[in-house]
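[1] Kindly generate the corresponding structure for this input.
(2 chains)
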Amino acid sequence: MTGTMKKFRHDRDIQVTIGNLLRSGVVLAFVIVLAGAIVYLVRHGGQIPEYQVFRGGSGSYHTFSAIWEGLITGHGRAIIQFGIVILILTPIARIAFSVIGFLLEKDYLYAGITLAVLAIILISLMAGMGV
Amino acid sequence: MTILVFTGVILLGSMLAGFLGSLTGLGGGFVIIPLLTLVFGIDIRYAIGASLVAVIATSSGAAAAYVKEGITNMRLGMFLEIATTLGAVGGAFLAVYASTHIIAILFGLILIFSAILSLRRKEETVQTGSASMLAQRLKLNSSYPTPQGTVDYSVTNVPGGFLIMLGAGILSGLLGLGAGVLKVLAMDNVMRVPFKVSTTTSNFMIGVTAAASAGIYLYRGYIDPGLCMPVVLGVLAGAFLGSSVLTRANSRSLRTVFAFIILVIALEMLYNGFTKKI
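    Down below sits the predicted model:
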């Protein structure tokens, strides 16, 4: 009985850490998007939005290198997009930490399953971003 | 309309969407896409990108609160995520070949399906002593805290649940939704997981599923920072308000009203899809 109780508590410790990680990721993303929003609205607030026609990748920040270039030159839209990338990475970080969690529990079956999920996401991310 | 006014209006609309989504448990995506396309005439591809980002934000925000309660079944979620992430990647690739009016029609049908499902009476059924070998081998049977103490439950029909999750992943990747209703259906009705465990585990899975297709959408230019900004900020603020106003209240009448609104939106989407206005 004490064995299962211990395992339950151990499980929960890892989950609480992961929960905190998720919250920090969302808060960080929120703050960065907000900062980018201020820069963007101050500079472009008076212009007319154009979202009726889809332009694909042209004119938007759609690769890591483009976002990074815009970020260091202080473009509002690039700062927002950087916050959004952090937001996208948050659940992925959760999966990565879960691999470590399952390894610590010596649950190799689930360390493998979680690693498979992580691989699917990372391959799609890299294929999608053309890395 | 200038960008400043446009941002303000979208921010308010997204707040309302996030608020209603968290109160009813349907998520904000259901309102975001129709709001952006039908009301503002925004191309559905930009709407899908913004919705996907909003889905990740609300899922991660809410999941942080849920894991602390110890209800989420991490192993069940992780195992089923193989299906949802594979489906999501497939769905995102399919999205290139589907015309926008086909996507609008599909979206309308999913809305109707979800509205009907959301009205089901939610019963907390706990099943123990299942003979499913697969569930045992995968260690899916678990326990969760209730007011009456810790309750054990077991899981059945693992292949059936896995298959539905694959479908939920494809829809999520194709339409930029969390497809939470379908995920709960797979766990609650098919795998016989207790309802509370199903909803929290589904919420945990939604963010991961959406993240799996987000990279593909970002690269294709679906995720526009100028549009995503008010949507993400609004939905997060709205979801936070919703969870602090009405925690765990069984708001059946509210759900009925919301289901009716969604039905009207669904018909509007179908009409626009069939007449090729979207």
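[2] The residue sitting nearest the centre point of chain A in helix, strand or coil?
    In chain A, the centroid-proximal residue (CA atoms, centre = their mean) is A:L89; its distance is 1.7 Å. Secondary structure state of A:L89, per DSSP: H, G, I helix; E, B strand; the rest coil, is helix.
[3] quick one: buried residues of stretch B:35-54?
    B:35-38, B:40, B:42-54 (16 or more other CB atoms under 10 Å in any protein chain shown). Where you see a C-beta, it was placed from the backbone N, CA and C, and this is true even at glycine.
[4] Quick check: next helix or strand after the lowest-mean-pLDDT helix or strand in chain A?
    Scoring the helices and strands of chain A by mean pLDDT, DSSP states H and E places helix A:2-44 at the bottom, with a mean of 81. Remark: after helix A:2-44, the chain's next helix or strand is helix A:64-72, criterion DSSP states H and E.
[5] Thought B:A63 was touching B:A239, still the case?
    No. Counting by CB atoms under 8 Å, B:A239 does not reach B:A63; the two are 11.7 Å apart.
[6] Which residues are in contact with the residue nearest to the centre of chain A?
    A:L89 sits next to A:G25, B:A211 when contact means CB atoms under 8 Å, 6 or more residues apart in numbering or on different chains.
[7] From the centroid of chain B, which residue is nearest?
    B:G178 (2.7 Å).
[8] Which of the three states applies to it?
    coil.
[9] A:H62: neighbour count?
    For A:H62, the neighbour count with other CB atoms under 10 Å in any protein chain shown is 22.
[10] what do you get for A:V31?
    12.
[11] what does B:S253 give?
    8.
[12] Is it correct that it falls within a strand?
    No. Applying three-state DSSP, one finds B:S253 to be helix, outside a strand.
[13] and the gap between it and chain A?
    Distance, B:S253 to chain A, using CB to the nearest CB, to the nearest Å: 31 Å.
[14] just the helices in the stretch 151-278 of chain B please.
    B:158-175, B:180-185, B:195-219, B:225-245, B:252-274 (DSSP state H, counting those that start in this stretch).
[15] hey, which of the ones you listed is tucked in deepest?
    Neighbour counts averaged per stretch over the helices of the stretch 151-278 of chain B are highest for helix B:195-219, at a mean of 27; criterion: mean count of other CB atoms under 10 Å in any protein chain shown.
[16] That one vs chain A: in contact?
    Yes. Against chain A, helix B:195-219 shows contacts by CB under 8 Å from any CB of the partner chain at B:G207, B:V208, B:A210, B:A211, B:A212, B:S213, B:A214, B:G215, B:I216, B:Y217, B:L218, B:Y219.
[17] What does the pLDDT read for the residue lying closest to B:I223 once chain neighbours are set aside?
    Spatial nearest neighbour of B:I223, excluding adjacent residues (CB to CB, 6 or more residues apart in numbering or on different chains): B:G49 at 4.0 Å. pLDDT for B:G49: 94.
[18] ok now do B:G49, which residues does it touch?
    B:G176, B:Y217, B:L218, B:Y222, B:I223, B:D224, B:L227, B:C228.
[19] now what about stretch B:86-97, what contacts it?
    A:120, A:124, A:128, B:48, B:103, B:165-175, B:209-210, B:212-213, B:216-217, B:220.
[20] and if you look at stretch B:256-270?
    B:20, B:23-24, B:26, B:30-31, B:34, B:37-38, B:104-105, B:107-109, B:111-112, B:114-116, B:118-119, B:278.
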